[in-house]
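Peer 1: The sequence and its predicted three-dimensional model are supplied below.
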Amino acid sequence: MSETNLKSLNELSSLCKRRGFLFQSSEIYGGVGGCWDYGPLGIELKKNVQNSWWKSMTYRQDVVGIDASILMNPTVWKASGHVDGFTDPMIDCKECKARFRADQIDANKPCQNCGAEGQFTEPREFNLMFKTQMGPVEDSSSTIYLRPETAQGIFVNFQNVQSTMRQKLPFGIAQIGKAFRNEITPGNFIFRLREFEQMEMQFFVKPGTQKEAYDKWKEIRYNWHINNGMRAENLRWHPHGENDLAHYADMAEDIEYNFPHGWGEMEGIHSRTDFDLSKHQEFSGKSQLYVDQADGNKKYVPYVVETSVGSDRCMLALMCDAYRKENEGDKENERVVMKFHPRIAPIKVAVLPLMKKGGLQEEAQKVLENIQLNYRCDFDVAGSIGKRYRRQDEIGTPLCVTVDYDTLEDQTVTVRDRDSMKQERVAIDQLDRYIRDHLGF
Ligand code: GAP
């Protein structure tokens, strides 16, 4: 058996469109740059990724969750430095007006869009925050921003959460939510979006202990990706050198994934010092001090270690990683299979009556009803059984349960494993336990 990995994002995006994972936003109107809609299978996949993250981050005693609003008081973004500093350098081609990130192209070469030479404007700083208006009057006092990161919703709630949940340092606050950036060049499918989701956690620690927390969270976060089935050879650490550290960080490292278009950041682990809480204390006039009862009631602004991963980008990496083409060119045996970890797979079990007739569909329906409350199932009666297996392989369904004429006689079904394609006969009254053991979560 031969097996190849994903060669290009185009191959993946056409599978995603064909099989209902992702659609271009407002496609019937020609789409809108950097925005995508999740179809029925895409949303199952994304929710599985987010549930896995939420469980791993908040089902523990030292991290709690919140869900802050997207629109925040605009002073938040002044304090955080985003109004003045959240920019990318931008240049335009004078000939065709195409716009590029100045740090991503060589301005001495011809324009990649129209081929004109020596036609670029001088680089200018472009703020990536989307602006909108709040309330009925449109003037500068009503300007408000769509949040470009979820983290600030956590910082401004530090005191609320600490006091109501009676948390002692070190502890963390986790959140999953939308973020918006007016990226100059969105692209590479869902790698760089203008509307996306982040899964972020801020871990508040005593100043001086940030290195310990940073090392601990680096290990936890790396293992989370591995436990979701990511292949270690496609992951690597990228430490930020002193010159490329963000303005708020004293240590930072990214977990990068080996995407078909090259290595790219998937998650950032940042030691953010006391920058954000101190700035919010300064701009709001509200104390962000923590009273450390374990250290003689000493008062200080906590330091913060942040873990931040994009749901969409993580999902893209998981899809790239899961994609395999087997026996390419061999018509009989060729198949595309998404080898998702069962926890992540959008559909866990497909129930397939061998034929529509002879009472098989009704019998299969009964089997389905017994298991579909426990596992997200698919029910497919259309086409040959071989074609139906291939369809399930392509969306990464770990198990197919086939109901045939023997089922009517002996109350057993055939269970086919996605990866080995091995089939086993299982008694219907043992099916639920068999599935649970096999999926392993
Ligand atoms: N709070 C820290 C922060 O926002 P970041 O490195 O700018 O840090 C964190 O973003 C993560 O969010 C990235 O590692 C990536 O997974 C995701 N992300 C950032 N910009 C994105 C974009 N335009 N499209 C999709 N995901 C993005």
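Peer 2: Alright, I've got the coordinates.

Peer 1: Am I right that E233 falls within a helix?
Peer 2: Yes. Under DSSP: H, G, I helix; E, B strand; the rest coil, E233 sits within a helix.

Peer 1: so what's it scoring on pLDDT?
Peer 2: For E233, the pLDDT comes out at 98.

Peer 1: wait, what's in contact with it?
Peer 2: Applying Cβ atoms under 8 Å, 6 or more residues apart in numbering to E233 gives the contacts N258. For the C-beta atoms, the positions are set from N, CA and C on the backbone; glycine is no exception.

Peer 1: if I look at it, how far off is I226?
Peer 2: Separation of E233 from I226 (Cβ to Cβ, to the nearest Å): 11 Å.

Peer 1: List every C-alpha atom in stretch 378-385, with coordinates, as CSV.
Peer 2: This file holds the C-alpha atoms of stretch 378-385, laid out as CSV (Å, rounded to 0.1, in the frame of the first residue of the first chain):
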residue,chain,number,x,y,z
ASP,A,378,-24.4,9.6,9.9
PHE,A,379,-27.0,7.4,8.1
ASP,A,380,-26.4,6.7,4.4
VAL,A,381,-28.4,4.5,2.1
ALA,A,382,-27.3,5.9,-1.3
GLY,A,383,-25.0,4.1,-3.6
SER,A,384,-22.9,0.9,-3.4
ILE,A,385,-21.5,0.0,0.0
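
Peer 1: hey, where'd the helices end up in the stretch 51-200 of the chain?
Peer 2: Secondary structure of the stretch 51-200 of the chain (DSSP state H, counting those that start in this stretch): helices located at 75-79, 82-85, 151-155, 158-164.

Peer 1: Local confidence estimate at the residue in the chain that the ligand sits nearest to?
Peer 2: Proximity to the ligand, evaluated over the chain using Cβ to the nearest ligand atom, is greatest for G310 at 2.8 Å. On the pLDDT scale, G310 is placed at 98.

Peer 1: Would you mind measuring from the residue most central in space within the chain to R324?
Peer 2: Nearest residue to the geometric centre of the chain (Cα atoms, centre = their mean): S311, 1.6 Å. S311 sits 23 Å away from R324, going by Cβ to Cβ.

Peer 1: G264 contacts Y257, correct?
Peer 2: Yes. G264 is within contact range of Y257, at 6.3 Å (criterion: Cβ atoms under 8 Å).

Peer 1: Find the residues that touch each one of these two.
Peer 2: By Cβ under 8 Å, 6+ apart, no residue touches both G264 and Y257.

Peer 1: These two: which has the busier surroundings?
Peer 2: Y257 (25 against 17; other Cβ atoms under 10 Å).

Peer 1: how far does stretch 40-57 sit from the chain's center?
Peer 2: 8 Å (Cα atoms, centre = their mean, to the nearest Å).

Peer 1: what's next to it, contact-wise?
Peer 2: Stretch 40-57 has contacts (Cβ under 8 Å, 6+ apart) with 16, 19-22, 38, 63, 65, 172, 174, 176, 197, 199, 201, 220, 224, 228, 307, 309, 311-312, 314-315, 318-319, 340, 343-347, 376, 395.

Peer 1: And that stretch, what's buried?
Peer 2: 41-42, 44-46, 48-50, 52-54, 56-57 (16 or more other Cβ atoms under 10 Å).

Peer 1: Could you dump the residues you listed into JSON lines and include distance to the ligand and pLDDT?
Peer 2: Putting the buried residues of stretch 40-57 into JSON lines (distance: Cβ to the nearest ligand atom, whole Å; pLDDT from 0 to 100) gives the following:
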{"residue": "L41", "distance to the ligand": "20", "pLDDT": "98"}
{"residue": "G42", "distance to the ligand": "15", "pLDDT": "98"}
{"residue": "E44", "distance to the ligand": "20", "pLDDT": "98"}
{"residue": "L45", "distance to the ligand": "16", "pLDDT": "98"}
{"residue": "K46", "distance to the ligand": "13", "pLDDT": "98"}
{"residue": "N48", "distance to the ligand": "17", "pLDDT": "98"}
{"residue": "V49", "distance to the ligand": "12", "pLDDT": "98"}
{"residue": "Q50", "distance to the ligand": "13", "pLDDT": "98"}
{"residue": "S52", "distance to the ligand": "15", "pLDDT": "98"}
{"residue": "W53", "distance to the ligand": "12", "pLDDT": "98"}
{"residue": "W54", "distance to the ligand": "16", "pLDDT": "98"}
{"residue": "S56", "distance to the ligand": "16", "pLDDT": "98"}
{"residue": "M57", "distance to the ligand": "15", "pLDDT": "98"}
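
Peer 1: can I get those in CSV with distance to D380?
Peer 2: Formatted as CSV, the buried residues of stretch 40-57 follow (distance: Cβ to Cβ, whole Å):
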residue, distance to D380
L41, 13
G42, 19
E44, 16
L45, 18
K46, 23
N48, 20
V49, 24
Q50, 27
S52, 26
W53, 30
W54, 30
S56, 32
M57, 35
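
Peer 1: Could you tell me which residues of the stretch 201-350 of the chain lie near the ligand?
Peer 2: Residues of the stretch 201-350 of the chain lying close to the ligand (Cβ under 6 Å from any ligand atom) are 265-268, 306, 308-310, 312-313.

Peer 1: go with 5 Å
Peer 2: 265, 268, 308, 310, 313 (Cβ under 5 Å from any ligand atom).

Peer 1: before we move on, what about the stretch 1-150 of the chain?
Peer 2: Residues of the stretch 1-150 of the chain lying near the ligand (Cβ under 5 Å from any ligand atom): E149.

Peer 1: how does this protein divide up, domain by domain?
Peer 2: 3-86+128-319, 87-127, 347-439 (automatic domain parsing).

Peer 1: Can you check which of these gets nearest to K331?
Peer 2: domain 347-439 (12.1 Å; Cβ to Cβ).

Peer 1: For stretch 424-432, what does the pLDDT average out to?
Peer 2: Stretch 424-432 comes out with an average pLDDT of 97.
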